[in-house]
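> the following block contains a protein sequence and its predicted model.
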Amino acid sequence: MSVGYTPIFRIEQEGVDITSRFNDRLISIEVTLGPGMGEQDKCEIVLDDREWKIAAPTVGRKLEIYLGYKEVGLAQQNVFEISTVEYLWPPKSIKITGNAAGMTGSLKVAKIKEFEGKTLGDIVGDIAKTAGVEPMVEVGLAETVVPFLNQTQSSFHLLQELERRYGAIAKFENGKLIFVPREGNESAGGLTLPILLLKPEHFAKGAVRHNQRGAYSSVRAAYMDPDTHQPVWLETPNKFAPTDENGKPIDAPFRMPAPQRTKEEALKWMRATLETLRRSMGEANFELSKGDPWIRANQRILVAGMREGVNGDYLAETVTHTYTKSTGLLTKIIGKPPGDDAIDVLSEALSEKALDAGKELQSPTPGRKLGAPYVPPVFDAT
(Lines give C-alpha, C1' and ligand atoms only; values in the text may rest on other atoms or scores of the structure.)
Protein backbone atom coordinates (compact mmCIF):
# COMPACT_ATOMS: atom_id res chain seq x y z
CA MET A 1 0.00 0.00 0.00
CA SER A 2 1.37 3.39 -0.99
CA VAL A 3 2.20 5.83 1.78
CA GLY A 4 -0.51 8.47 2.14
CA TYR A 5 -3.40 6.31 0.95
CA THR A 6 -5.80 5.47 3.78
CA PRO A 7 -8.52 2.88 3.03
CA ILE A 8 -11.99 3.93 4.19
CA PHE A 9 -15.59 2.76 3.84
CA ARG A 10 -19.07 4.17 4.25
CA ILE A 11 -22.35 2.39 4.89
CA GLU A 12 -25.73 4.06 4.47
CA GLN A 13 -29.18 2.79 5.40
CA GLU A 14 -32.06 4.43 3.55
CA GLY A 15 -29.90 7.51 2.89
CA VAL A 16 -28.63 7.83 6.47
CA ASP A 17 -24.88 7.44 7.10
CA ILE A 18 -24.51 4.71 9.74
CA THR A 19 -20.74 4.20 9.35
CA SER A 20 -20.12 5.18 12.97
CA ARG A 21 -22.01 2.10 14.11
CA PHE A 22 -19.46 -0.09 12.32
CA ASN A 23 -16.16 1.70 12.93
CA ASP A 24 -15.26 -0.09 16.16
CA ARG A 25 -16.72 -3.48 15.19
CA LEU A 26 -16.03 -3.99 11.50
CA ILE A 27 -13.69 -6.86 10.63
CA SER A 28 -14.22 -6.95 6.86
CA ILE A 29 -16.45 -5.98 3.94
CA GLU A 30 -16.37 -8.03 0.75
CA VAL A 31 -18.26 -6.86 -2.34
CA THR A 32 -18.49 -9.12 -5.39
CA LEU A 33 -19.62 -7.47 -8.64
CA GLY A 34 -21.10 -10.24 -10.75
CA PRO A 35 -21.24 -10.67 -14.53
CA GLY A 36 -24.99 -11.20 -14.84
CA MET A 37 -26.13 -14.56 -16.27
CA GLY A 38 -27.61 -15.38 -12.86
CA GLU A 39 -24.66 -14.03 -10.86
CA GLN A 40 -25.71 -10.77 -9.24
CA ASP A 41 -23.76 -8.40 -7.02
CA LYS A 42 -23.48 -9.48 -3.40
CA CYS A 43 -21.80 -8.37 -0.19
CA GLU A 44 -20.57 -9.95 3.02
CA ILE A 45 -19.92 -7.93 6.19
CA VAL A 46 -18.23 -9.50 9.23
CA LEU A 47 -18.50 -7.77 12.62
CA ASP A 48 -16.73 -8.31 15.94
CA ASP A 49 -19.53 -9.31 18.35
CA ARG A 50 -17.46 -9.27 21.55
CA GLU A 51 -19.61 -9.07 24.67
CA TRP A 52 -22.71 -9.53 22.44
CA LYS A 53 -23.45 -5.83 22.47
CA ILE A 54 -24.29 -5.34 18.75
CA ALA A 55 -27.99 -4.82 18.04
CA ALA A 56 -29.33 -7.73 15.99
CA PRO A 57 -29.27 -6.84 12.24
CA THR A 58 -32.62 -7.12 10.47
CA VAL A 59 -33.11 -9.30 7.40
CA GLY A 60 -34.62 -7.25 4.57
CA ARG A 61 -32.93 -3.96 5.48
CA LYS A 62 -31.09 -2.21 2.64
CA LEU A 63 -27.47 -1.09 2.95
CA GLU A 64 -25.58 1.10 0.46
CA ILE A 65 -21.85 0.38 0.51
CA TYR A 66 -18.95 2.65 -0.50
CA LEU A 67 -15.23 1.76 -0.57
CA GLY A 68 -12.25 3.98 -1.30
CA TYR A 69 -9.40 6.08 0.05
CA LYS A 70 -9.52 9.10 2.34
CA GLU A 71 -7.21 11.08 0.02
CA VAL A 72 -9.20 10.56 -3.22
CA GLY A 73 -12.77 9.67 -2.29
CA LEU A 74 -15.21 6.78 -2.27
CA ALA A 75 -16.62 4.50 -4.98
CA GLN A 76 -20.24 3.47 -4.57
CA GLN A 77 -20.61 -0.30 -4.98
CA ASN A 78 -24.36 -1.00 -4.90
CA VAL A 79 -27.44 -1.10 -2.69
CA PHE A 80 -27.74 -4.50 -1.00
CA GLU A 81 -30.68 -6.09 0.75
CA ILE A 82 -29.74 -8.16 3.82
CA SER A 83 -30.66 -11.77 3.03
CA THR A 84 -28.87 -13.70 5.78
CA VAL A 85 -27.59 -12.97 9.30
CA GLU A 86 -25.32 -15.51 11.02
CA TYR A 87 -24.11 -15.45 14.63
CA LEU A 88 -20.77 -17.25 15.02
CA TRP A 89 -18.45 -18.21 17.89
CA PRO A 90 -15.65 -18.55 18.83
CA PRO A 91 -14.63 -15.87 18.33
CA LYS A 92 -17.93 -14.03 18.69
CA SER A 93 -18.85 -12.49 15.36
CA ILE A 94 -21.78 -11.68 13.09
CA LYS A 95 -21.76 -12.31 9.34
CA ILE A 96 -24.23 -10.30 7.27
CA THR A 97 -24.86 -11.39 3.67
CA GLY A 98 -26.68 -9.20 1.18
CA ASN A 99 -27.84 -9.44 -2.42
CA ALA A 100 -28.30 -6.61 -4.91
CA ALA A 101 -31.60 -4.90 -4.02
CA GLY A 102 -34.34 -6.20 -6.32
CA MET A 103 -33.33 -9.87 -6.27
CA THR A 104 -36.55 -10.85 -4.51
CA GLY A 105 -38.02 -14.31 -4.14
CA SER A 106 -40.89 -13.37 -6.46
CA LEU A 107 -38.46 -13.53 -9.40
CA LYS A 108 -37.84 -17.23 -8.75
CA VAL A 109 -41.49 -18.26 -8.89
CA ALA A 110 -42.42 -20.12 -12.09
CA LYS A 111 -44.85 -18.23 -14.34
CA ILE A 112 -46.70 -18.98 -17.56
CA LYS A 113 -46.98 -15.96 -19.80
CA GLU A 114 -46.85 -15.10 -23.50
CA PHE A 115 -45.18 -12.09 -25.08
CA GLU A 116 -46.10 -11.47 -28.73
CA GLY A 117 -44.85 -8.53 -30.74
CA LYS A 118 -43.33 -6.99 -27.62
CA THR A 119 -39.98 -5.21 -27.38
CA LEU A 120 -37.19 -6.19 -25.03
CA GLY A 121 -37.94 -2.93 -23.23
CA ASP A 122 -41.52 -4.15 -22.62
CA ILE A 123 -40.41 -7.58 -21.40
CA VAL A 124 -37.64 -6.33 -19.11
CA GLY A 125 -40.02 -3.67 -17.82
CA ASP A 126 -42.54 -6.37 -16.93
CA ILE A 127 -39.88 -8.30 -14.99
CA ALA A 128 -38.73 -5.11 -13.24
CA LYS A 129 -42.32 -4.49 -12.13
CA THR A 130 -42.42 -7.98 -10.60
CA ALA A 131 -39.22 -7.17 -8.68
CA GLY A 132 -40.50 -3.78 -7.56
CA VAL A 133 -37.71 -1.82 -9.27
CA GLU A 134 -37.31 0.50 -12.25
CA PRO A 135 -36.08 -0.82 -15.63
CA MET A 136 -33.07 0.73 -17.37
CA VAL A 137 -32.62 -0.81 -20.83
CA GLU A 138 -30.04 0.31 -23.41
CA VAL A 139 -31.86 2.05 -26.27
CA GLY A 140 -30.86 -0.41 -29.01
CA LEU A 141 -31.96 -3.39 -26.95
CA ALA A 142 -35.09 -1.65 -25.69
CA GLU A 143 -36.34 -1.17 -29.25
CA THR A 144 -35.62 -4.75 -30.34
CA VAL A 145 -38.89 -6.49 -31.18
CA VAL A 146 -39.34 -10.08 -29.96
CA PRO A 147 -41.90 -11.67 -32.33
CA PHE A 148 -42.97 -14.30 -29.80
CA LEU A 149 -41.77 -15.51 -26.42
CA ASN A 150 -43.45 -18.14 -24.29
CA GLN A 151 -42.49 -17.90 -20.60
CA THR A 152 -42.82 -21.18 -18.74
CA GLN A 153 -40.12 -20.62 -16.13
CA SER A 154 -39.37 -18.02 -13.46
CA SER A 155 -38.73 -14.40 -14.39
CA PHE A 156 -35.16 -14.85 -13.15
CA HIS A 157 -34.52 -17.69 -15.63
CA LEU A 158 -36.26 -15.69 -18.37
CA LEU A 159 -33.74 -12.88 -17.79
CA GLN A 160 -30.90 -15.36 -18.22
CA GLU A 161 -32.43 -16.60 -21.47
CA LEU A 162 -32.71 -13.04 -22.79
CA GLU A 163 -29.07 -12.40 -21.82
CA ARG A 164 -27.92 -15.44 -23.82
CA ARG A 165 -30.09 -14.70 -26.81
CA TYR A 166 -29.21 -11.01 -27.17
CA GLY A 167 -25.65 -10.90 -25.80
CA ALA A 168 -26.68 -8.74 -22.87
CA ILE A 169 -26.11 -8.29 -19.13
CA ALA A 170 -29.08 -8.18 -16.75
CA LYS A 171 -28.21 -6.85 -13.30
CA PHE A 172 -29.87 -5.21 -10.34
CA GLU A 173 -28.08 -2.02 -9.40
CA ASN A 174 -29.17 0.83 -7.14
CA GLY A 175 -32.82 -0.13 -7.20
CA LYS A 176 -32.97 -0.62 -10.97
CA LEU A 177 -32.97 -3.59 -13.31
CA ILE A 178 -30.21 -2.86 -15.83
CA PHE A 179 -30.18 -4.51 -19.27
CA VAL A 180 -27.20 -3.49 -21.45
CA PRO A 181 -25.03 -5.11 -24.18
CA ARG A 182 -22.31 -7.37 -22.74
CA GLU A 183 -19.77 -6.02 -25.22
CA GLY A 184 -21.00 -2.46 -24.98
CA ASN A 185 -18.10 -1.16 -22.86
CA GLU A 186 -20.53 0.10 -20.24
CA SER A 187 -21.05 -0.67 -16.58
CA ALA A 188 -24.39 -2.12 -15.56
CA GLY A 189 -25.34 1.41 -14.54
CA GLY A 190 -24.72 2.75 -18.05
CA LEU A 191 -21.40 4.52 -17.39
CA THR A 192 -18.83 4.39 -20.16
CA LEU A 193 -15.89 2.39 -18.84
CA PRO A 194 -12.32 3.18 -19.89
CA ILE A 195 -9.87 0.48 -20.83
CA LEU A 196 -7.98 -0.65 -17.73
CA LEU A 197 -4.23 -0.81 -18.43
CA LEU A 198 -2.32 -3.25 -16.18
CA LYS A 199 1.48 -3.58 -16.14
CA PRO A 200 3.75 -5.83 -14.00
CA GLU A 201 3.88 -3.36 -11.11
CA HIS A 202 0.09 -3.47 -10.76
CA PHE A 203 -0.06 -7.19 -9.92
CA ALA A 204 0.35 -8.91 -6.55
CA LYS A 205 -0.16 -12.23 -8.32
CA GLY A 206 -2.01 -13.72 -11.26
CA ALA A 207 -2.76 -16.75 -13.40
CA VAL A 208 -3.86 -17.06 -17.04
CA ARG A 209 -5.27 -20.26 -18.53
CA HIS A 210 -5.95 -21.00 -22.21
CA ASN A 211 -8.13 -23.84 -23.53
CA GLN A 212 -9.91 -24.98 -26.68
CA ARG A 213 -13.38 -25.50 -25.21
CA GLY A 214 -15.03 -22.85 -27.37
CA ALA A 215 -12.88 -23.28 -30.49
CA TYR A 216 -15.59 -24.01 -33.05
CA SER A 217 -15.04 -23.12 -36.70
CA SER A 218 -18.38 -21.34 -37.04
CA VAL A 219 -21.87 -20.95 -35.62
CA ARG A 220 -24.88 -22.16 -37.59
CA ALA A 221 -28.49 -21.21 -36.91
CA ALA A 222 -31.74 -21.53 -38.83
CA TYR A 223 -34.93 -19.55 -39.14
CA MET A 224 -38.29 -20.59 -40.60
CA ASP A 225 -38.96 -19.23 -44.09
CA PRO A 226 -42.41 -17.57 -43.93
CA ASP A 227 -43.31 -18.73 -47.46
CA THR A 228 -42.01 -22.31 -47.60
CA HIS A 229 -42.21 -22.97 -43.84
CA GLN A 230 -38.85 -24.70 -44.15
CA PRO A 231 -35.73 -23.95 -42.11
CA VAL A 232 -33.13 -21.72 -43.78
CA TRP A 233 -29.62 -22.15 -42.39
CA LEU A 234 -27.22 -19.27 -41.78
CA GLU A 235 -23.54 -19.50 -40.85
CA THR A 236 -21.03 -17.07 -39.44
CA PRO A 237 -17.31 -17.94 -39.15
CA ASN A 238 -15.34 -17.85 -35.92
CA LYS A 239 -12.09 -15.90 -36.39
CA PHE A 240 -10.56 -18.00 -33.59
CA ALA A 241 -11.37 -21.30 -35.32
CA PRO A 242 -9.13 -24.31 -34.54
CA THR A 243 -6.52 -25.41 -37.09
CA ASP A 244 -4.70 -28.67 -37.78
CA GLU A 245 -0.92 -29.21 -37.63
CA ASN A 246 -0.62 -27.64 -41.10
CA GLY A 247 -2.47 -24.50 -40.06
CA LYS A 248 -5.61 -25.36 -42.05
CA PRO A 249 -8.98 -24.58 -40.43
CA ILE A 250 -10.82 -27.57 -38.96
CA ASP A 251 -14.49 -27.82 -39.89
CA ALA A 252 -16.13 -28.00 -36.46
CA PRO A 253 -19.31 -25.87 -36.48
CA PHE A 254 -21.50 -25.12 -33.47
CA ARG A 255 -25.12 -25.72 -34.45
CA MET A 256 -28.00 -23.95 -32.69
CA PRO A 257 -30.58 -26.48 -31.45
CA ALA A 258 -33.83 -25.09 -32.87
CA PRO A 259 -34.89 -22.74 -35.71
CA GLN A 260 -35.75 -19.14 -34.84
CA ARG A 261 -38.91 -17.40 -35.98
CA THR A 262 -37.13 -14.72 -38.03
CA LYS A 263 -33.81 -14.12 -39.78
CA GLU A 264 -33.10 -11.18 -37.47
CA GLU A 265 -33.51 -13.36 -34.38
CA ALA A 266 -31.22 -16.03 -35.84
CA LEU A 267 -28.51 -13.45 -36.60
CA LYS A 268 -28.69 -11.98 -33.09
CA TRP A 269 -28.49 -15.44 -31.54
CA MET A 270 -25.45 -16.37 -33.66
CA ARG A 271 -23.62 -13.19 -32.67
CA ALA A 272 -24.34 -13.71 -28.96
CA THR A 273 -23.23 -17.36 -29.21
CA LEU A 274 -19.95 -16.42 -30.89
CA GLU A 275 -19.19 -14.02 -28.04
CA THR A 276 -20.02 -16.71 -25.46
CA LEU A 277 -17.79 -19.26 -27.19
CA ARG A 278 -14.93 -16.77 -27.37
CA ARG A 279 -15.17 -16.07 -23.63
CA SER A 280 -15.06 -19.80 -22.84
CA MET A 281 -11.57 -20.16 -24.40
CA GLY A 282 -9.64 -18.93 -21.38
CA GLU A 283 -9.65 -17.36 -17.94
CA ALA A 284 -7.46 -14.94 -16.02
CA ASN A 285 -7.27 -14.48 -12.26
CA PHE A 286 -5.64 -11.22 -11.22
CA GLU A 287 -4.94 -9.88 -7.74
CA LEU A 288 -3.84 -6.26 -7.78
CA SER A 289 -1.03 -4.93 -5.62
CA LYS A 290 -3.25 -1.98 -4.68
CA GLY A 291 -7.02 -2.26 -4.31
CA ASP A 292 -9.02 -0.16 -6.76
CA PRO A 293 -12.76 -0.12 -5.89
CA TRP A 294 -13.55 1.87 -9.05
CA ILE A 295 -12.98 -1.18 -11.27
CA ARG A 296 -16.25 -2.67 -12.50
CA ALA A 297 -17.49 -5.91 -14.01
CA ASN A 298 -17.70 -5.76 -17.84
CA GLN A 299 -14.64 -3.48 -18.01
CA ARG A 300 -12.08 -4.09 -20.75
CA ILE A 301 -8.57 -4.85 -19.54
CA LEU A 302 -5.30 -4.50 -21.41
CA VAL A 303 -2.24 -6.30 -19.95
CA ALA A 304 1.15 -5.10 -21.19
CA GLY A 305 4.80 -5.59 -20.26
CA MET A 306 4.39 -9.29 -19.40
CA ARG A 307 5.16 -12.38 -21.52
CA GLU A 308 3.43 -13.88 -24.57
CA GLY A 309 0.34 -15.72 -23.42
CA VAL A 310 -0.33 -13.14 -20.72
CA ASN A 311 -0.12 -9.85 -22.61
CA GLY A 312 -3.30 -8.95 -24.41
CA ASP A 313 -6.93 -8.17 -23.86
CA TYR A 314 -9.49 -9.39 -21.35
CA LEU A 315 -13.00 -8.59 -20.21
CA ALA A 316 -13.54 -8.31 -16.45
CA GLU A 317 -16.26 -10.85 -15.68
CA THR A 318 -16.28 -10.80 -11.87
CA VAL A 319 -14.62 -8.18 -9.67
CA THR A 320 -14.24 -8.57 -5.89
CA HIS A 321 -13.30 -5.67 -3.63
CA THR A 322 -12.41 -6.49 -0.01
CA TYR A 323 -11.84 -4.08 2.87
CA THR A 324 -10.24 -5.41 6.06
CA LYS A 325 -8.94 -3.49 9.05
CA SER A 326 -5.69 -5.44 9.06
CA THR A 327 -4.69 -5.27 5.38
CA GLY A 328 -6.72 -2.46 3.79
CA LEU A 329 -8.26 -2.73 0.31
CA LEU A 330 -7.79 -5.69 -2.02
CA THR A 331 -9.09 -6.14 -5.58
CA LYS A 332 -9.38 -9.45 -7.42
CA ILE A 333 -10.50 -9.82 -11.04
CA ILE A 334 -11.69 -12.85 -12.98
CA GLY A 335 -11.24 -12.04 -16.67
CA LYS A 336 -12.35 -13.71 -19.89
CA PRO A 337 -11.31 -13.21 -23.50
CA PRO A 338 -13.56 -10.47 -24.93
CA GLY A 339 -15.92 -10.75 -27.89
CA ASP A 340 -15.19 -9.36 -31.35
CA ASP A 341 -16.45 -5.83 -30.62
CA ALA A 342 -14.16 -5.47 -27.62
CA ILE A 343 -11.22 -6.84 -29.58
CA ASP A 344 -11.66 -4.16 -32.27
CA VAL A 345 -11.38 -1.43 -29.63
CA LEU A 346 -8.54 -3.09 -27.77
CA SER A 347 -6.47 -3.65 -30.92
CA GLU A 348 -6.27 0.12 -31.26
CA ALA A 349 -5.25 0.42 -27.62
CA LEU A 350 -2.46 -2.11 -28.20
CA SER A 351 -0.58 0.29 -30.45
CA GLU A 352 2.78 1.42 -29.10
CA LYS A 353 1.67 5.04 -29.21
CA ALA A 354 -1.34 4.25 -27.04
CA LEU A 355 0.77 2.32 -24.54
CA ASP A 356 3.27 5.16 -24.30
CA ALA A 357 0.42 7.56 -23.57
CA GLY A 358 -0.60 5.60 -20.48
CA LYS A 359 -2.53 8.59 -19.16
CA GLU A 360 -5.09 7.92 -21.90
CA LEU A 361 -5.96 4.64 -20.20
CA GLN A 362 -7.22 3.98 -16.71
CA SER A 363 -4.32 2.61 -14.70
CA PRO A 364 -4.34 1.83 -10.95
CA THR A 365 -1.32 3.93 -10.05
CA PRO A 366 -1.08 6.17 -6.97
CA GLY A 367 -2.07 9.73 -7.65
CA ARG A 368 -4.60 9.26 -10.44
CA LYS A 369 -7.98 10.80 -9.73
CA LEU A 370 -9.83 7.62 -8.89
CA GLY A 371 -13.11 9.41 -8.29
CA ALA A 372 -13.17 11.31 -11.57
CA PRO A 373 -16.01 10.58 -14.01
CA TYR A 374 -15.23 7.86 -16.52
CA VAL A 375 -14.16 9.18 -19.93
CA PRO A 376 -13.52 6.84 -22.87
CA PRO A 377 -9.93 6.87 -24.11
CA VAL A 378 -9.19 8.72 -27.36
CA PHE A 379 -6.11 7.86 -29.39
CA ASP A 380 -4.31 10.03 -31.93
CA ALA A 381 -4.15 7.96 -35.13
CA THR A 382 -1.49 10.16 -36.73
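Looks like it came in fine.
> buried ones in the lengthiest helix in the chain?
Looking across the chain with DSSP state H, the single longest helix is helix 263-279. Within helix 263-279, the residues that qualify as buried are 263, 265-266, 268-279, counting by 16 or more other C-beta atoms under 10 Å. Using the backbone N, CA and C atoms, a C-beta is placed for each residue, glycine as well.
> residue 25 touches residue 54, doesn't it?
Yes - because the distance of 6.2 Å satisfies C-beta atoms under 8 Å, residue 25 is recorded as touching residue 54.
> relative to the whole chain's centre, how far out is stretch 16-32?
When distances are taken as C-alpha atoms, centre = their mean, to the nearest Å, stretch 16-32 is centred 24 Å away from the chain's centroid.
> one step back: overlap in contacts of residue 25 and residue 54?
When C-beta atoms under 8 Å, 6 or more residues apart in numbering defines a contact, the residues bordering residue 25 and residue 54 alike are residue 47.
> okay, now the unreliable bits of the stretch 151-300 of the chain?
Low-confidence segments of the stretch 151-300 of the chain, defined by pLDDT under 70: 184-192, 213-214, 240, 242.
> just the helices in it please.
Counting by DSSP state H, counting those that start in this stretch, residue ranges of the helices within the stretch 151-300 of the chain are 155-166, 263-279.
> for residue 208, which of those is the nearest?
Nearest to residue 208 among the helices of the stretch 151-300 of the chain is helix 263-279; the distance by C-beta to C-beta comes to 14.0 Å.
> check which helices and strands the closest one sits against.
Secondary structure elements in contact with helix 263-279, counted by 3 or more C-beta pairs under 8 Å, 6 or more residues apart in numbering; DSSP states H and E, are helix 155-166, strand 218-224, strand 231-237, helix 340-349.
> looking at those, which is nearest to residue 210?
Taking C-beta to C-beta as the measure, the helices and strands packed on helix 263-279 were each checked against residue 210, and helix 340-349 came out nearest at 15.6 Å.
> let me know the average pLDDT across the closest one.
The predicted model gives helix 340-349 an average pLDDT of 47.
> swap in stretch 41-60?
Looking at stretch 41-60 alone, the average pLDDT works out to 94.
> centre of the chain versus it, how much separation?
Put simply, stretch 41-60 sits 27 Å off its chain's centre (C-alpha atoms, centre = their mean).
> now do stretch 91-111
In this view, stretch 91-111 has its centroid 19 Å away from the chain centroid, taken as C-alpha atoms, centre = their mean.
> what is the end-to-end distance of it?
Taking C-alpha to C-alpha, to the nearest Å, the span from the opening residue of stretch 91-111 to its closing residue is 45 Å.
> do you have the helices of the stretch 1-150 of the chain handy? List them.
Along the stretch 1-150 of the chain, counting by DSSP H, counting those that start in this stretch, helices occupy 120-131, 139-142.
> export these as CSV, with columns for distance to residue 162 and mean neighbour count.
Shown next, in CSV, are the helices of the stretch 1-150 of the chain (distance: least, C-beta to C-beta, whole Å; neighbours: other C-beta atoms under 10 Å):
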stretch, distance to residue 162, mean neighbour count
helix 120-131, 7, 20
helix 139-142, 9, 14
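> can I get those helices in a markdown table with distance to residue 88?
As requested, the helices of the stretch 1-150 of the chain are exported to a markdown table (distance: least, C-beta to C-beta, whole Å):
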| stretch | distance to residue 88 |
| --- | --- |
| helix 120-131 | 31 |
| helix 139-142 | 43 |
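> make JSON lines out of those helices and add distance to residue 319 and mean pLDDT.
As requested, the helices of the stretch 1-150 of the chain are arranged in JSON lines below (distance: least, C-beta to C-beta, whole Å; pLDDT from 0 to 100):
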{"stretch": "helix 120-131", "distance to residue 319": "23", "mean pLDDT": "93"}
{"stretch": "helix 139-142", "distance to residue 319": "23", "mean pLDDT": "91"}
